[in-house]
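Colleague: Build the 3D model from these lines:
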Amino acid sequence: MKRSIKKPKPRPTSAVNKKKRIRLKKSSFRSRSKHTHSLSRNQEYWRNWGKRAGQQDALAHDITKEPYQKKALNNLWVERANSQLLAANEQSYEAASKGYVKGYCKAAKLHVPDWILIPTARSVCAIVSVMNEELTIVKVMKQLNRLPLDEIIIIVNGSSDRTLEKVRAHSHALIVHYPDPLGHDVGRSIGAKLSHSDILLFLDGDFVVQAEKLIPFIYDVERGSDLALNNITPYLPLFSRWDSVTVMKRFLNTTLKRPELNANSLTAVPHALSRKALERIGCAELMVPPKAQVNAILNGLRITAPTSVNVVSVNKVRSHNKGKNNTVARLIIGDHVEALQLAMQLKGERIVFPDIIRKREYLKR
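Modeller: You can find the predicted model right below:
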């Protein structure tokens, strides 16, 4: 006879056991997500390369006696950064830079700061125009303070909140204060006029851009670009859904035979200018960014769009910039009308498009 084997009854799952299972699931999710953000092999290689380079430089060079240690360390870094690294992607460069800072500071027995080193020994200035941005300006300054900048110029204008107070408390920047609102573009042109650096980096104070995201703008100017624009193309919808401002930006670039620039414009930040570009264009022209862009193109300056920072979705919605035909849209469209007028004054009514077929002079006979 076969013996009957009784199967044990399943134990009822207590509430405590359920909680444990849930906790296990959550912790395993955290570990998976952490693993997802781990460095790639290439990034790991460059981080270790940076660490070793930093350790070696710490034995040979002492930055503690330098008045501006961040800049002193950056100068050592520029000598170390080879062409292979500079040709690598942004993530590999970031890994190498952070590895270098950590390697140097640990070997020199210094606190390891959250610095991001830049691939140039030239002087760099960041210019920020800000009005009523007390909630974001400190975060903006924090990111700028991670970079070895030679100048930071903050134009505080028309602020009725604590923006000015917060800028003073969290930065050693040159602060220019105007009680009346000037507009972002006027603020930028004032900052450019006050600057002395070789490379000018322009930002706004209403949204935060990570320091790592600013490196490509600086590096492109270092490599010979005169204007390094923000490439907003990846964030644009289908052409049928473009707003009138985006259409005007694209139209201006196409009219000047620069269709590859698409809707990229000096109107959008971040962007960077060389000192040469500023001298050719003039500080006053920066008050109307599309006019400055026309001047740059017609003067044969080199214009690139090296990287993309999403300013489309993070742009704050305010009463004057929402809805069709809003105040800001009308202002920017008017700027482009001015720019087209300037192009016609400089190059003729048809700008760069020849009128070959028509023999207009025969009508005058």
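Colleague: How about residue 43, nearest residue that isn't a chain neighbour?
Modeller: Closest residue to residue 43 in three dimensions, ignoring its sequence neighbours and counting by Cβ to Cβ, 6 or more residues apart in numbering: residue 95, at 4.1 Å. Just so you know, the C-beta spots here come from the backbone N, C-alpha and C atoms, and that holds for glycine as well.
Colleague: Now do whichever strand or helix holds the one you found: which elements does it pack against?
Modeller: Here residue 95, judged by DSSP states H and E, is contained in helix 90-107. In this structure, helix 90-107 makes packing contacts with helix 41-60, helix 69-80, helix 83-86, helix 211-222, judged by 3 or more Cβ pairs under 8 Å, 6 or more residues apart in numbering; DSSP states H and E.
Colleague: Ranking the ones you listed by mean neighbour count, which comes first?
Modeller: Scoring the helices and strands packed on helix 90-107 by mean neighbour count under mean count of other Cβ atoms under 10 Å gives helix 211-222 as the most buried, with a mean of 23.
Colleague: how far does that helix sit from the chain's center?
Modeller: Chain-centre distance of helix 211-222: 7 Å, with Cα atoms, centre = their mean, to the nearest Å.
Colleague: Ok, stretch 357-365 next?
Modeller: 51 Å.
Colleague: same check, this time on stretch 293-300
Modeller: Mean-position distance between stretch 293-300 and its chain equals 22 Å (Cα atoms, centre = their mean).
Colleague: If you count neighbours, what's buried in that stretch?
Modeller: 293-297 (16 or more other Cβ atoms under 10 Å).
Colleague: tell me the SS of residue 177?
Modeller: Secondary structure for residue 177, judged by DSSP: H, G, I helix; E, B strand; the rest coil, is strand.
Colleague: give me the element the nearest residue to it once chain neighbours are set aside is part of.
Modeller: What sits nearest to residue 177 in space, not counting adjacent residues and going by Cβ to Cβ, 6+ apart, is residue 156, at 4.9 Å. Using DSSP H and E, residue 156 maps to strand 151-157.
Colleague: which secondary structure elements does that strand contact?
Modeller: Against strand 151-157 (3+ Cβ pairs under 8 Å, 6+ apart) you get strand 124-130, helix 163-170, strand 174-178, helix 184-194.
Colleague: Residue 115 is nearest to which of the ones you listed?
Modeller: Closest to residue 115 of those is strand 124-130 (Cβ to Cβ; 13.8 Å).
Colleague: what packs against the helix or strand that that closest one is followed by?
Modeller: Proceeding N to C from strand 124-130, the next assigned helix or strand is helix 137-144, under DSSP H and E. Counting contacts by 3+ Cβ pairs under 8 Å, 6+ apart, helix 137-144 packs against strand 124-130, helix 163-170, helix 211-222.
Colleague: again, 7 Å this time
Modeller: Applying 3 or more Cβ pairs under 7 Å, 6 or more residues apart in numbering; DSSP states H and E, one finds that helix 137-144 contacts strand 124-130, helix 163-170.
Colleague: ok now stretch 308-317, how far from the chain's centre?
Modeller: Its chain's C-alpha centre and that of stretch 308-317 lie 11 Å apart, by Cα atoms, centre = their mean.
Colleague: Please point out which parts of it sit buried.
Modeller: 308-309, 311.
Colleague: out of these, which one sits closest to residue 122?
Modeller: The closest of the buried residues of stretch 308-317 to residue 122 turns out to be residue 309 (Cβ to Cβ; 21.7 Å).
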